[in-house]
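Trainee: my questions concern the predicted model and sequence given below.
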Amino acid sequence: MVHKHLMWAVADVMGDAVTGGAAAWDEVYWLKAGALITSERALYAAAELGSADVWGAWTVVRKIRETDDVVTFVVQRTDGRRAKPSLSGQYVSLKALMPGGVHQPRQYSLSRADDGRYRQFTVKRVHGQATPDGEVSNLLHSGVGVGDEVLLSAPFGDVVLQSTVRPVVFASAGIGVAPVAGMLSHLAEAGSLRHITVLHADNSAGSYALRDQVKADLDRLSRASSLTWFLEPPADAQPGSGFTGFMDLDTVELPADAEYYLCGPLPFMRAVRSSLIGRGVPARDIQCEVFGPDLWLADVQ
Ligand SMILES: Cc1cc2nc3c(=O)[nH]c(=O)nc-3n(C[C@H](O)[C@H](O)[C@H](O)COP(=O)(O)OP(=O)(O)OC[C@H]3O[C@@H](n4cnc5c(N)ncnc54)[C@H](O)[C@@H]3O)c2cc1C
């Protein structure tokens, strides 16, 4: 199907500018497709999954309103079987059935450590500015509730928390808190003794999703602390309780030899990453979870 429509679009958009002839484009297409199909099979093999085990039906058991634009879904396998545990920081793909009958897949980070029974992910509703509203996030917000079924993949993703004893620093902005909350929850469940710093930037305290969960997990950890940056500070803000404006690490003391996990909009991650590199943090110790194609890293690595 991709071949048919892509080849049609190439001919339609490029017209006479297409060189090399249809056979050459066809060959390139199948070389690339073959490589991607092989990579996908390798991912399933590494996760010890047959292709029939990748997707499963899950039932929504709780829908939690976090903020005006963010909801958290807690789901349970519909067939009652236990699920393969996720690694800390992974995401699932969700195949949403759209009104036209097409399935649209999107990725959502697991925002809490799963226990083999329940799984949790958190979705921000995407408002288009001059563009249409996000299709799947809006459908999940307004069309999926408790008792409904969703089709989820097994967990995947390379940005996972390393099991070391080194200090760990999380820096997130907006919905980037989702994988960070997931990793923090794993650390809290394990009773980690690691030195943990949670840095988060948001528009306001009211738009900070998963805030209560993050706070509860910080309270369970003996060596954890957090700092926040809000564009609009709370009216009752206590001196020293947080910063106003964009996240700025220049004035923040960071632990030596830490691992860093970043998630948020691209300009945020670029700025934080540059600041850390400027302070001498080795690039290998900074991992970024990008909520979309990660081509931007090709420019900076
Ligand atoms: C690894 C990973 C983890 C993720 N984790 C999370 C998470 O935990 N929580 C979360 O909320 N999201 C997460 N995401 C993002 C999520 O997968 C979706 O991309 C997001 O929900 C938007 O999907 P959508 O269908 O609502 O938007 P889409 O319909 O895909 O639209 C995306 C953007 O394209 C614009 N657009 C649509 N149509 C047009 C058009 N014709 N012309 C121009 N622009 C257009 C829209 O305005 C919007 O800005 C993650 C992504 C990845 C890759």
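Mentor: On my side now, so go ahead. Source: prediction; values computed, not measured.

Trainee: OK, contacts around the residue of the stretch 1-150 of the chain found nearest the ligand?
Mentor: Of all residues in the stretch 1-150 of the chain, Gly134 sits closest to the ligand, at 2.2 Å by Cβ to the nearest ligand atom. Glycine gets a C-beta too; all of them are placed from N, C-alpha and C. By Cβ atoms under 8 Å, 6 or more residues apart in numbering, the contact set of Gly134 is Arg125, Val126, His127, Gly128.

Trainee: apply 10 Å and report the result again.
Mentor: Taking Cβ atoms under 10 Å, 6 or more residues apart in numbering as the criterion, Gly134 is in contact with Arg106, Val123, Lys124, Arg125, Val126, His127, Gly128, Leu140, His141.

Trainee: check whether the nearest residue to the third one once chain neighbours are set aside sits in a helix, strand or coil.
Mentor: Nearest non-adjacent residue to Lys124, counting by Cβ to Cβ, 6 or more residues apart in numbering: Ile175, 4.0 Å away. On the three-state scheme (DSSP: H, G, I helix; E, B strand; the rest coil), Ile175 is labelled helix.

Trainee: ok, Ile175 - how many residues close by?
Mentor: By other Cβ atoms under 10 Å, the residues close to Ile175 number 28.

Trainee: check contacts around it.
Mentor: 66-67, 69-70, 108-109, 111, 122-126, 137, 202, 207, 209-210, 263-265, 291.

Trainee: just the ones in strands from those, please.
Mentor: Val70, Tyr108, Ser109, Thr122, Val123, Lys124, Asp202, Cys263 (DSSP state E).

Trainee: mind putting those into TSV with pLDDT?
Mentor: Formatted as TSV, these follow (pLDDT from 0 to 100):
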residue	pLDDT
Val70	98
Tyr108	98
Ser109	98
Thr122	98
Val123	98
Lys124	97
Asp202	97
Cys263	96
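
Trainee: list buried residues within these.
Mentor: By neighbour count, with 16 or more other Cβ atoms under 10 Å, the ones in strands among the contacts of Ile175 hold Val70, Tyr108, Ser109, Thr122, Val123, Lys124, Asp202, Cys263 as buried.

Trainee: which of the contacts of Ile175 are close to the ligand?
Mentor: The subset of those within reach of the ligand, by Cβ under 6 Å from any ligand atom, is Tyr108, Ser109, Thr122, Val123, Lys124, Val126, Ser137, Phe291.

Trainee: quick check: the fifth one touching Val71?
Mentor: Right, Lys124. Yes: between Lys124 and Val71 there is a contact under Cβ atoms under 10 Å: 8.6 Å.

Trainee: which neighbours do the two share?
Mentor: With Cβ under 10 Å, 6+ apart, Lys124 and Val71 have common neighbours Ser137, Leu140, His141, Ala209.
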